[in-house]
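**Student:** the following comprises the amino acid sequence and a computationally predicted model.
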Amino acid sequence: MPSTTIEIELNGTRREARDGQSVAELVADLGLRPGMVAVEVNEKLVTRELRESTRIRAGDRIELVTIMGGG
Amino acid sequence: MAELDLPLVLGDTTLESRLLVGTGKYASFELMERALEASGTRCVTVAIRRVNLDLKAGPSLLDHLDRSRYTILPNTAGCFDAKTAIRTAELSRELLGTKLVKLEVLGDEKTLLPDPVGTLEAARELVRSGFDVLVYTSDDPRLGVRLEELGVKSVMPAGSPIGSGQGVLNPNAIRILLELVKVPVIVDAGVGTASDVAFAMELGAHGVLLNTGIAGARDPVRMAAAMRDACSAGRQAFLAGRIPRKLYANASSPLEGVVGSPPPPRPKGTAQAGAAARP
């Protein structure tokens, strides 16, 4: 099935994604290890259990975070 | 030191070391690992930040922290309002599966001083959401009381501004805070060298949290060992109970019986100085 390309905002930067793809797919497409990131869509936490069922739509603001050195 | 002291209990977390150490500013993960080990810490802080999408999947800090050894304490550093701090805490709980959070709501980038109003607001919300909140705050004792009333698991006053290395600038405020709250008080921020840690612990602080003091030292591994020893020394000195400060001297050696001194007056029937030396 051909998918439509949509524009999203990922970590503050505009980026293309496939309309309706899941958060889990996006994380995989980006080459990220699923256990190393946490995800927010439109300022709402998307838990690990909800990554498959959460679909990405045009204009979504997505935050992908991990841990870094800090005090 | 387990036989000489109790562990530090923060909510559901029990720590065998009273030193909490940050993971920022190290030249390499390898150096960080060695410094953490030398510090003896059992609790390390980490920041929550956007994934760098240009770097792809390189080694992660998580790969370099042995979670069987270290409790990971995520922070909300860099958050300048309650809402961002709360979002960051939610993300950290999801990412690390821990309800522990080091709450920071800061006022501005230059001073990095905690914003008391935002800190209270975020602490209230996070406690309500089930977090074990360890809260970075100023050394204001009343603010510490208000935070304790909200249900935080530790009040963590700054000794001096983050990364400033000025040590504990207002020991009296820390002492008053220690009298007013029951939850553990951890001096967080401003530690420059080992004596700062010892001093904070001698005041009665239940722990010290530091990062730059180790990571910024010329030899971080050696400084980590110094901080470990200072934390232990300060804690033991506090538990032992120091002598009171006096203005005048109080000789440790007897003043009587110094060679060439005139003999003391001899009341009849009393022992003389040096009597024990004769057979």
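**Tutor:** That came in fine, so what should we check first?

**Student:** contacts and neighbour counts: CA atoms only from here.
**Tutor:** Will do.

**Student:** which elements pack onto the top helix by length along chain B?
**Tutor:** Identified as the longest helix of chain B according to DSSP state H is helix B:220-240. Secondary-structure packing of helix B:220-240 (3 or more Cα pairs under 8 Å, 6 or more residues apart in numbering or on different chains; DSSP states H and E): helix B:29-39, helix B:194-203, helix B:212-215.

**Student:** kindly compare burial across those and name the winner.
**Tutor:** The highest mean neighbour count among the helices and strands packed on helix B:220-240, using mean count of other Cα atoms under 10 Å in any protein chain shown, belongs to helix B:212-215: a mean of 26.

**Student:** residues in contact with residue 70?
**Tutor:** Unless you meant another one, I'm taking chain A. Residues near residue A:70 by Cα atoms under 8 Å, 6 or more residues apart in numbering or on different chains: B:22, B:23, B:24, B:25, B:45, B:46, B:47, B:75, B:77, B:211.

**Student:** the intended chain is chain B.
**Tutor:** B:41, B:42, B:43, B:44.

**Student:** the last one against residue B:24, yeah?
**Tutor:** No - here residue B:44 lies out of contact with residue B:24, judged by Cα atoms under 8 Å, at a distance of 10.1 Å.

**Student:** so between the two, which is more surrounded?
**Tutor:** residue B:44 (24 against 21; other Cα atoms under 10 Å in any protein chain shown).

**Student:** which pLDDT value belongs to the more buried one?
**Tutor:** On pLDDT, residue B:44 comes in at 98.

**Student:** quick one: secondary structure of it?
**Tutor:** Following DSSP: H, G, I helix; E, B strand; the rest coil, the label given to residue B:44 is strand.

**Student:** for the closest residue to chain A within the stretch 101-250 of chain B, which non-adjacent residue is closest in space?
**Tutor:** Scanning the stretch 101-250 of chain B for the residue nearest chain A gives residue B:211, at 5.3 Å (criterion: Cα to the nearest Cα). By the measure of Cα to Cα, 6 or more residues apart in numbering or on different chains, the closest residue to residue B:211 outside its immediate chain neighbours is residue B:22, 4.3 Å from it.

**Student:** give me the low-pLDDT residue ranges for chain A?
**Tutor:** Scanning chain A for pLDDT under 70 picks out A:1-2.

**Student:** run the last query once more with 90
**Tutor:** A:1-3 (pLDDT under 90).

**Student:** got it, and the stretch 51-200 of chain B?
**Tutor:** Ranges of the stretch 51-200 of chain B meeting pLDDT under 90: B:53-60, B:163.

**Student:** and it, which residues reach chain A?
**Tutor:** B:51, B:53, B:56-57, B:60-62, B:74-75, B:77, B:87, B:90-92, B:94-95 (Cα under 8 Å from any Cα of the partner chain).

**Student:** go again with 10 Å.
**Tutor:** Residues of the stretch 51-200 of chain B lying near chain A by Cα under 10 Å from any Cα of the partner chain: B:51-54, B:56-58, B:60-63, B:73-77, B:84, B:87-88, B:90-96, B:102, B:162-163, B:188-189.

**Student:** can you flag the buried ones in these?
**Tutor:** By neighbour count, with 16 or more other Cα atoms under 10 Å in any protein chain shown, those hold B:51, B:61-62, B:73-77, B:84, B:87-88, B:90-96, B:102, B:162-163, B:188-189 as buried.

**Student:** show me the strands in chain A, by range?
**Tutor:** Counting by DSSP state E, chain A has strands at residues A:5-10, A:13-18, A:38-41, A:44-46, A:61-69.

**Student:** just the ones you listed: most buried one?
**Tutor:** Of these, strand A:38-41 is the most buried (mean count of other Cα under 10 Å), at a mean of 23.

**Student:** and the most centrally placed residue in chain B, what does it touch?
**Tutor:** Geometric centre of chain B, nearest residue: residue B:208, 0.6 Å, by Cα atoms, centre = their mean. Neighbouring residues of residue B:208 by Cα atoms under 10 Å, 6 or more residues apart in numbering or on different chains: B:17-21, B:156-159, B:185-189, B:191, B:196-198, B:200-201, B:227, B:231.

**Student:** quick check, pLDDT for it.
**Tutor:** Residue B:208 carries a pLDDT value of 98.

**Student:** dump the strands of chain A to a markdown table, plus distance to residue B:243.
**Tutor:** Output for the strands of chain A, formatted as a markdown table (distance: least, Cα to Cα, whole Å):
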| stretch | distance to residue B:243 |
| --- | --- |
| strand A:5-10 | 60 |
| strand A:13-18 | 61 |
| strand A:38-41 | 52 |
| strand A:44-46 | 54 |
| strand A:61-69 | 41 |
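
**Student:** what residues are up against the spatially most central residue of chain A?
**Tutor:** When Cα atoms, centre = their mean is applied to chain A, the residue found nearest the centroid is residue A:23 (4.7 Å). Residues in contact with residue A:23 (Cα under 10 Å, 6+ apart) are A:29, A:39-41, A:46, A:48, A:50-56, A:62.
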